[in-house]
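# pasting the sequence and the predicted coordinates here, then a few questions.
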Amino acid sequence: MTKHYIAAIDQGTTSSRCIIFDRDGRIVSVGQREHQQIFPRPGWVEHDATEIWTNVEQVVRDALEKGDVAPDDLAAVGITNQRETTVVWDRETGEPVHNAIVWQDTRTDGIIRDLAGGVGQERFRERCGLPLATYFSGPKLRWLLDEVPGLRERAERGEVLFGTMDTWLIWKLTGEHVTDVTNASRTMLMNLRTLEWDASILDAMGVPPAMLPEIRSSAEVYGEARGFLEGVPVASALGDQHAALFGQTCFDPGQVKGTYGTGTFLVLNTGTKPIMSTNGLLTTLGYKIGDQPAVYALEGAIAVTGSLVQWLRDNLGLISSAPEIETLARTVDDNGGCYVVPAFSGLFAPHWRSDARGVMAGLTGYVNKGHIARAVLEATAWQTREVVDAMNTDSGIPLTTLRVDGGMTADNLLMQILADVLDVEVVRPMVAETTCLGAAYAAGLAVGHWPDMETLRANWHRAAEWSPKMSADVRDREYHNWQKAVQRTLGWVEHDSE
């Protein structure tokens, strides 16, 4: 019997969902459910991994029911996930030993400073491609091993397992303890060149190898599902930003996608050799399809973009719904001299400054709420510009087109500001759910549902595009002012006085 559909599970930061795609890459049905955000202390963010698994089971059932699709109609299921979020569970009972520690969590700041010692933030970058930062999974795992009584001893005996959310879901679905190269590349524990766990980093980080999953490619059959998906191959895993790169069919070196959500993530395909950034970007895996060579990427992660609009709505009350920001920003022609740098929990790429805090600069009596709304949108564009400049310098491949996806791309004014600030074409595809689509594509390739990557490329169609209209002198002046505002965020937190 012909299997007509691929299911993609997207385990995200705020919700889990399942999207079922047909052979043309079109959406058939969607199931989605939010999960609880747990904040035990300031700067700490946790999730209940058991709640997430229960939700994943439910959203898959919901998507199948809404699409009138039976499990037998699925050729495969793929997984994409929030990255860096860290889970440890009992090998026998399957019970998590602690809540999952979320990628946004900053509790490992002290561990990061200890690991940096006299060497600094770049201690492991040559091997893992990443600077020392609270963002990544390795230090979170170290915290759990240090703080949960008896956990280190249990880990050394092989009684507990570590995983990011892809690993947790694959284990729950199939019983296999595996991860893919993209998620492994975000732990700080994988060697970028060998695609294996790096023994010297594990030793420095104090992580027992016995608890780590096997690292596999992003597109292969890891095992067959049990339970209500009995027999369906689980055939892909990609961290969310890598899945979006794949779903946008950025298969050629030099192609860039930008996902605009709570934060923003720009990923540049750099081909089959890693490029070590000297400009504050992360060197990471783009994807690895079966036995084909791994494709590497440079990534710029921006912590606060969509969440800045939420802050304007929820904390300041200047708008009552997120889409209203575009209407308010259109009441003025420019920012009135106002600049917003949303360093709410430090600055990510290309600065990596945990001591930064947000500022609103350039205020005069002339500035009104329309100017502030416009400055909030421009903050996303200028942060993107900083990352793109770093990408152009590191790769030597100037950006010509930015492929965008994510919730913020519904804001047409923001998309025009992006084109103006970057001085490149900005393009939005027909299927905006590129993260799920990437996981579906990879799973479909693994089981032969799609014959090759050219078939996937033919599925990609543009829905809208924006071309730059801003003059070079205005662009340069505004970027200069933005950079002045960024300088005023730095050094606000003094660790000695915490």
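Yep, that arrived.

# relative to Leu285, how far out is Gly391?
Quick fix: residue 391 is Met, not Gly. Distance from Met391 to Leu285, counting by CB to CB, to the nearest Å: 16 Å. The way it works is simple: take the backbone N, C-alpha and C, and place the C-beta from them, glycine included.

# neighbour count winner among those two?
Neighbour tally, Met391 and Leu285, criterion other CB atoms under 10 Å: the higher count belongs to Met391, 29 against 26.

# helix or strand right after the helix or strand encompassing that one?
Using DSSP states H and E, Met391 falls within helix 369-395. Later in the chain than helix 369-395, the nearest helix or strand by DSSP H and E is strand 401-405.

# show me what the helix or strand following that following strand is packed up against.
Sequence order places helix 412-422 as the next helix or strand after strand 401-405, per DSSP H and E. Applying 3 or more CB pairs under 8 Å, 6 or more residues apart in numbering; DSSP states H and E, one finds that helix 412-422 contacts helix 324-329, helix 369-395, strand 401-405, strand 425-429, strand 462-466, helix 472-487.

# how about the ones you listed in CSV, adding distance to Gly336 and mean pLDDT?
Listed next are the helices and strands packed on helix 412-422 as CSV, based on distance: least, CB to CB, whole Å; pLDDT from 0 to 100:
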stretch, distance to Gly336, mean pLDDT
helix 324-329, 11, 96
helix 369-395, 3, 96
strand 401-405, 27, 94
strand 425-429, 24, 94
strand 462-466, 23, 92
helix 472-487, 12, 97
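
# and for Gly227, the neighbour number?
If we define neighbours as other CB under 10 Å, then Gly227 has 11 of them.

# contacts only, for it.
Gly227 sits next to 57, 173 when contact means CB atoms under 8 Å, 6 or more residues apart in numbering.

# likewise Phe344?
Phe344 neighbours (CB under 8 Å, 6+ apart): 303-304, 307, 311, 357-358.

# do Ala210 as well
155-158 are the contacts of Ala210 under CB under 8 Å, 6+ apart.

# where in the stretch 251-400 of the chain is pLDDT low?
Of all residues in the stretch 251-400 of the chain, none has pLDDT under 70.

# next, the angle from the helix holding Met391 to strand 401-405.
For helix 369-395 against strand 401-405, the angle by axes from the mean of the first three to the mean of the last three CA atoms, to 10 degrees is 120 degrees.

# wait, Val387 sits on Leu266?
Yes: if you go by CB atoms under 8 Å, Val387 and Leu266 touch, sitting 5.0 Å apart.

# so what's in contact with the two at the same time?
Shared contacts of Val387 and Leu266, counting by CB under 8 Å, 6+ apart, come down to 300, 302.

# circling back to that earlier point, make a markdown table out of the helices and strands packed on helix 412-422 and add distance to Ile38.
Below are those laid out as a markdown table (distance: least, CB to CB, whole Å):
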| stretch | distance to Ile38 |
| --- | --- |
| helix 324-329 | 29 |
| helix 369-395 | 28 |
| strand 401-405 | 28 |
| strand 425-429 | 34 |
| strand 462-466 | 37 |
| helix 472-487 | 32 |
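
# quickly list what Pro233 is bridged to.
Glu224 (DSSP bridges).

# around it, how many other residues sit close by?
22.

# numbering from 321 from now on, please.
OK, 321 is where the count begins now, so the last one is Pro553.

# wait, what's in contact with it?
So Pro553 contacts 395-397, 541, 543-545, 763, 766-767 (CB under 8 Å, 6+ apart).

# what pLDDT is listed against it?
Per-residue confidence (pLDDT) for Pro553: 97.

# give me the distance between it and Glu516.
25 Å.

# which of the helices and strands packed on helix 732-742 sits closest to Leu638?
Closest approach to Leu638 among the helices and strands packed on helix 732-742 (CB to CB): helix 689-715, 5.1 Å.

# packing partners for the helix holding Met711?
strand 576-580, strand 584-591, strand 615-622, helix 626-634, helix 644-649, strand 659-661, helix 732-742, helix 792-807.

# now stretch 353-362, how far from the chain's geometric center?
Its chain's C-alpha centre and that of stretch 353-362 lie 18 Å apart, by CA atoms, centre = their mean, to the nearest Å.

# re earlier: closest to Arg650 out of the contacts of Phe664?
Using CB to CB, those come closest to Arg650 at Trp631, 20.0 Å.

# ok, now which ones touch the closest one?
662, 664.

# tell me the spacing between it and Leu638.
10 Å.

# Phe664 now?
17 Å.

# hang on, the earlier thing: just the buried members of the contacts of Pro553?
Buried members of the contacts of Pro553, scored by 16 or more other CB atoms under 10 Å, are 395-397, 541, 544-545, 763, 766-767.

# among those residues, which ones are in strands?
Counted as lying in strands by DSSP state E, out of the buried ones among the contacts of Pro553, are 395-397, 541, 544.

# and which of those residues is nearest Leu738?
Val397 (34.0 Å).

# so who does the nearest residue to the closest one once chain neighbours are set aside touch?
For Val397, ignoring the flanking residues on the chain, the nearest one in space by CB to CB, 6 or more residues apart in numbering is Ala327 at 4.5 Å. The contact partners of Ala327, by CB under 8 Å, 6+ apart, come to 338-341, 380, 383-384, 394, 396-398, 552, 760.
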